[in-house]
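> What would the 3D arrangement of this be:
(chains A, B and C)
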Amino acid sequence: MTDENQSLRLIEALLFASAEPVEEGELALRCEEGADLDALLERLRSIYANRGVNLVRVGKRWAFRTAPDLAPLLRTEKVVTRKLSRAAVETLAIIAYHQPMTRTEIEEVRGVALSRGTLDILFEAGWVEPRGRRRTPGRPLTWGTTPAFLDQFGLEGLDDLPGVDELKAAGLLAPVRPLLGKIGPVEDAQGAEEAEEEDETHLAEISPDEAGGKAELGGAVG
Amino acid sequence: MTDENQSLRLIEALLFASAEPVEEGELALRCEEGADLDALLERLRSIYANRGVNLVRVGKRWAFRTAPDLAPLLRTEKVVTRKLSRAAVETLAIIAYHQPMTRTEIEEVRGVALSRGTLDILFEAGWVEPRGRRRTPGRPLTWGTTPAFLDQFGLEGLDDLPGVDELKAAGLLAPVRPLLGKIGPVEDAQGAEEAEEEDETHLAEISPDEAGGKAELGGAVG
Amino acid sequence: MVETPPTDEFVVEPAGAEEAFILDLEGFEGPLDLLLALARDQKVDLTRLSILELADQYLAFIARARRLRLEIAADYLVMAAWLAYLKSRLLLPEPEGEEEPSGEELAEALAHQLRRLEAMREAGARLMARPQLGRDVFKRGAPEPIPVVKNTRFDISLFELLSAYANQTTRRQAAALRIEPLEYSSVEDAIQRLTAGMAGSIDWELLLDFIPPELSGGTPRRSAIASTFAAGLELARQGNIELRQLETFGPIYLRNVKEPQ
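Have a look, this model is predicted:
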């Protein structure tokens, strides 16, 4: 009996210390002459069956492994804080204010094509979700914000989003600069920068010369 | 009860999964709120006490290790035992029992200059490490042992060092006072430097020339 | 030719009985080690060691080494000098009122140092005799890495969201163009107006009656007159109407062309 226990202990130690699963033949070599290896391994397996570590058979080899049900608890969760790209922030804002919006509509509002990952990131973050399809040709998918979006920004509802007038009052909306003799999108530094970082194609461009004549800014904002 | 068993399994798995000792703090983080970690570890230790693998405490860390009595059966050909020099063994023991110790203090205990590589070898092995500076003139660096040292020699802590209590009782671990003055290293630059800085009374001095004959460094040769 | 290093100068050819002695000297790790070895020869407990006897043995050892003109490290010579001094302190009566430690105290200090070195030596041996990791005791051979799951959290405040929207809106406003309605009335408009107005008429009509009455004077009205006149010419060219002016700068009339009979 003591011999058997000693064999059991040896197998235990061998399997523990080995970098690879150990072959049965290898274990047999180390055991006492005439030891019933199969019986020993079965006993060891049952001893560890309900423990945090289990004895598992891998083909003709054996190894200790942490219990599979503990995997979620063994995992270390690490929160990585990242900044959203400007394109993503803008897209999120546009969806929030104008939902439901199709991708094309977002692009029309922004005046630039949406780069590949932008909607994906917002979807993965759990802030936007599909909202059914538009009943127009091609039946494009529309997007809206989620409850998690409201949570993130501490909003009780979409009504809590300040309106354009309130944004203006808060000084967030820059006063519109009158354009004299110049028509078309103003190439401000910000805009230029963004076009670069996003590598987006401008869908529509108006050349000032072509438009000709006198123009004023159309002030209507949704 | 199930919760406790689950905590036990989790600790078991965590410790089993790691080759290196795991800090108690780390384990506490993973346990259920309010779990008695000490009790859990003690229970786990007793469960494994007679197995081929034991749970051992290494300072404030815990690890599974093969049972020491199985050593002859587990020892493999491939284990290369680097034999430490006599000087290195003594130096390690002096640091372990007296820490923190400056190089000069080690030399005083041994009565001979430390040859260049001796501390390096111990440092490289990861068994000793610098422990800040002594607040004496010259601010000499002190050395102490590492957690890896405890792990290497299967010690639970410094209290577990063999014979430490008897040595303490015999007054052999008291701070090193260079009563004999400048005995030992004479030509070692560092030794000389530190001897100067320390406010020692030189009980006897003899110049190498006076002593006659040719002098060389009484170097401890590993 | 390589010059003989000066150290060789003192090396004595080992001969006979002396050989072991030379090897012994090389084997010692400093004077304290040598003292410890000599003390062991006394075969007594280090606590009952005769320091005087030990000092004699050490001095005799060094004397023999010097007689053989062996290389002797300075450490050993320093110790020899110190032991000679200690011996004199032990043998001569203690001077009165000295602040220096007594001979006994010095002897005890040396004995303590020897005991301490021996203790450390034994401790080192006991440490090495312990089961060592990687030699006698083994760690987990196949550690299982604890997976680290990265949870990305985007860092964005309501302020950032709103300013992004505001910026975007500002840009959109800048991009959306609305051309102001022209002040000039077009010929095409006038043609439509004339055609509509003349429908069903059978008599001469005054051209100026077809100018939109809401137009104030000045450029808009003059532009409207011009375009309406041009429209009349165009319709006449097409053969739909006839034009008539009775005198220079007189009023212009127009009438539908009668259906050819």
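> Just want the most central residue of chain C.
Closest residue to the average C-alpha location of chain C: C:Lys150 at 19.3 Å, with C-alpha atoms, centre = their mean.
> residue contacts, the closest residue to A:Arg139 other than its chain neighbours?
Setting aside the residues directly before and after it, A:Arg139 is nearest to A:Arg133 in space (C-beta to C-beta, 6 or more residues apart in numbering or on different chains), at 4.3 Å. Backbone N, C-alpha and C define where each C-beta goes, glycine included. Residues near A:Arg133 by C-beta atoms under 8 Å, 6 or more residues apart in numbering or on different chains: A:139-142.
> which residues are contacting the longest strand along chain A?
If you go by DSSP state E, chain A has its longest strand at strand A:76-83. If you take C-beta under 8 Å, 6+ apart as the criterion, strand A:76-83 is touched by C:146-156.
> Could you tell me which of the residues you listed count as buried?
C:146, C:154, C:156 (16 or more other C-beta atoms under 10 Å in any protein chain shown).
> if I look at the first one, how far off is chain B?
According to C-beta to the nearest C-beta, to the nearest Å, C:Ile146 and chain B sit 6 Å apart.
> and that residue, which of the three is it?
Here C:Ile146 is recorded as coil under DSSP: H, G, I helix; E, B strand; the rest coil.
> Would you agree it is in contact with B:Ala19?
No: in this structure, C:Ile146 is not within contact of B:Ala19 by C-beta atoms under 8 Å, at 11.8 Å.
> Quick check, C:Gly197 in contact with C:Leu208.
No: under the criterion of C-beta under 8 Å, C:Gly197 is not in contact with C:Leu208, lying 11.8 Å apart.
> can you list the domains in chain A?
Using automatic domain parsing, the domain parsing of chain A gives A:3-74, A:78-222.
> Chain A contacts on the stretch 1-150 of chain C?
Counting by C-beta under 8 Å from any C-beta of the partner chain, the stretch 1-150 of chain C comes close to chain A at C:138-142, C:144, C:146-150.
> let's see 10 Å
Taking C-beta under 10 Å from any C-beta of the partner chain as the contact definition, the stretch 1-150 of chain C meets chain A at C:137-150.
> Which helix or strand in chain C has the lowest average pLDDT?
Every helix and strand of chain C was ranked by mean pLDDT, DSSP states H and E. The lowest is helix C:18-27, at a mean of 53.
> Pull out the buried positions in the biggest helix by length in chain C.
What stands out as the longest helix in chain C, according to DSSP state H, is helix C:103-129. The neighbour-count check on helix C:103-129 (16+ other C-beta under 10 Å) flags C:103, C:106-107, C:109-121, C:123-124, C:127 as buried.
> tally of neighbours for C:Ala81?
Number of residues near C:Ala81 (other C-beta atoms under 10 Å in any protein chain shown) recorded here: 19.
> Wait, a helix at it?
Yes: secondary structure assignment places C:Ala81 in a helix (three-state DSSP).
> tell me the helices in chain A, going along the chain?
Counting by DSSP H, one finds helices in chain A at the ranges A:2-17, A:24-30, A:37-48, A:71-74, A:86-98, A:103-110, A:118-124, A:147-152, A:164-169, A:189-198, A:208-211.
> So what's the predicted local confidence for the most centrally placed residue in chain A?
The centroid of chain A falls nearest to A:Glu124 when counting by C-alpha atoms, centre = their mean (4.0 Å). A:Glu124 is assigned a pLDDT of 87 by the prediction.
> so what's the nearest residue to it once chain neighbours are set aside bridging to?
Excluding the flanking residues, the one nearest A:Glu124 by C-beta to C-beta, 6+ apart is C:Thr152, at 7.8 Å. Going by DSSP bridges, C:Thr152 is paired in beta bridges with A:Val80.
> Residue ranges in the chain under the pLDDT threshold?
Using chain A. Along chain A, the model assigns pLDDT under 70 to residues A:1-2, A:171-222.
> that answer is for a different chain, and I need it for chain C
For chain C, applying pLDDT under 70 flags the ranges C:1-26, C:44, C:97-98, C:174-183, C:216, C:259-261.
> is any part of stretch A:18-37 close to chain B?
Yes: shown here: stretch A:18-37 in contact with chain B (C-beta under 10 Å from any C-beta) through A:19, A:30-31.
> Please identify which of the buried ones among the contacts of strand A:76-83 is nearest to A:Asp38.
C:Ile146 (33.0 Å; C-beta to C-beta).
> and the closest one, how far is that from B:Ala35?
Separation of C:Ile146 from B:Ala35 (C-beta to C-beta, to the nearest Å): 19 Å.
> Touching, A:Ala28 and A:Lys60? I think so.
No: at 11.1 Å, A:Ala28 does not count as touching A:Lys60 under the criterion of C-beta atoms under 10 Å.
> Whichever strand or helix holds C:Leu54: how far from the chain's middle?
Using DSSP states H and E, C:Leu54 falls within helix C:51-67. Helix C:51-67 has its C-alpha centroid displaced from the chain centroid by 63 Å (C-alpha atoms, centre = their mean, to the nearest Å).
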